[in-house]
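Asks: coordinates only, sequence not included:
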């Protein structure tokens, strides 16, 4: 394998942490041109591309045409995107919680759905400020400081209904498989009412949210520990068994996890370089 990779992960400023997962900065150069999969997660995605725009060759929502984006935001989806590259990628990626969608983007997650939009459509002039100032900074620390400043300035008091927030937490928690009926009973709603309200807020159903969270845990674990057995990964990530893990991967990604591990070079490069460069910003 040829090429160079570098990157950094860092926690956002404390007021932002309920709304944004650790920032991820990445730079990969000199690899063979090709494509890789951007896999779904229980977070909304924001990307600020540096040096060159990001080319999406296949979208999560088949109704949306492929294209290129200098900055982008997308909601929750249970399907991947295909990212075409020339062997180089450079940018900053943010993972927003559904609460962060309201507090920072000004819209519920369901308003975006699986669609990809220009960040400017949501942030206005703040999007250009983020892009310009981050591009001008030479270090990841300085770039993350720009994110802290601009995002903290945007924080708004726009809470999700507490019943829905609790349902989201129960369905996406890392302690196993939770049935939708159990969640409905705990929050005091009918199953039908929960499904309708949940989907209207988050853009995915309760069942899809639980499936997405399990999948994301397994994706992160397989990235971080490429040699772990699929049976162990299934047991640690809330699946009934390895067959359940493989079935969900085929449903979401279109290929089994064993094939993804064999073919997906960029995910393991990014896992290596971000974990080694992790820092805490207290």
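Replies: Structure's in. What do you need? Values in this document were obtained by computation on a predicted structure and should not be read as measured data. Numbers count the residues shown, from 1 in each chain.
Asks: what about residue 156, neighbour count?
Replies: 10 (other CB atoms under 10 Å). Using the backbone N, CA and C atoms, a C-beta is placed for each residue, glycine as well.
Asks: for it, phi and psi?
Replies: Per-residue torsions, residue 156: phi -130, psi 150 (degrees, to the nearest 10).
Asks: for residue 102, same thing?
Replies: The phi/psi pair for residue 102 (degrees, to the nearest 10) is phi -70, psi -40.
Asks: any idea how far residue 109 is from it?
Replies: Applying CB to CB, to the nearest Å, the value for residue 102 to residue 109 is 8 Å.
Asks: swap in residue 220?
Replies: Counting by CB to CB, the gap from residue 220 to residue 109 is 20 Å.
Asks: please apply the same query to residue 195.
Replies: Counting by CB to CB, the gap from residue 195 to residue 109 is 16 Å.
Asks: also residue 116?
Replies: 14 Å.
Asks: neighbour-wise, which of these two wins?
Replies: residue 109 (26 against 22).
Asks: report pLDDT for that one.
Replies: pLDDT, residue 109: 97.
Asks: got it, and residue 268?
Replies: Taking residue 268 on its own, its pLDDT is 42.
Asks: how about the helices in the stretch 1-150 of the chain?
Replies: All helices of the stretch 1-150 of the chain, identified by DSSP state H, counting those that start in this stretch, fall at 98-100, 109-112, 120-123, 125-136, 140-154.
Asks: actually the stretch 151-282 of the chain, sorry about that
Replies: Using DSSP H, counting those that start in this stretch, helices in the stretch 151-282 of the chain cover 162-172, 180-187, 191-202, 206-224, 230-236, 242-253, 257-263, 265-276.
Asks: which one of the ones you listed lies nearest to residue 37?
Replies: Taking CB to CB, helix 242-253 is the member of the helices of the stretch 151-282 of the chain nearest to residue 37, at 6.7 Å.
Asks: so which of the helices of the stretch 1-150 of the chain comes closest to residue 160?
Replies: Taking the helices of the stretch 1-150 of the chain one by one with CB to CB, helix 98-100 is closest: 5.6 Å.
Asks: still on that earlier bit, can you put the helices of the stretch 1-150 of the chain in a markdown table and add distance to residue 205?
Replies: Below are the helices of the stretch 1-150 of the chain laid out as a markdown table (distance: least, CB to CB, whole Å):
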| stretch | distance to residue 205 |
| --- | --- |
| helix 98-100 | 14 |
| helix 109-112 | 11 |
| helix 120-123 | 24 |
| helix 125-136 | 30 |
| helix 140-154 | 29 |
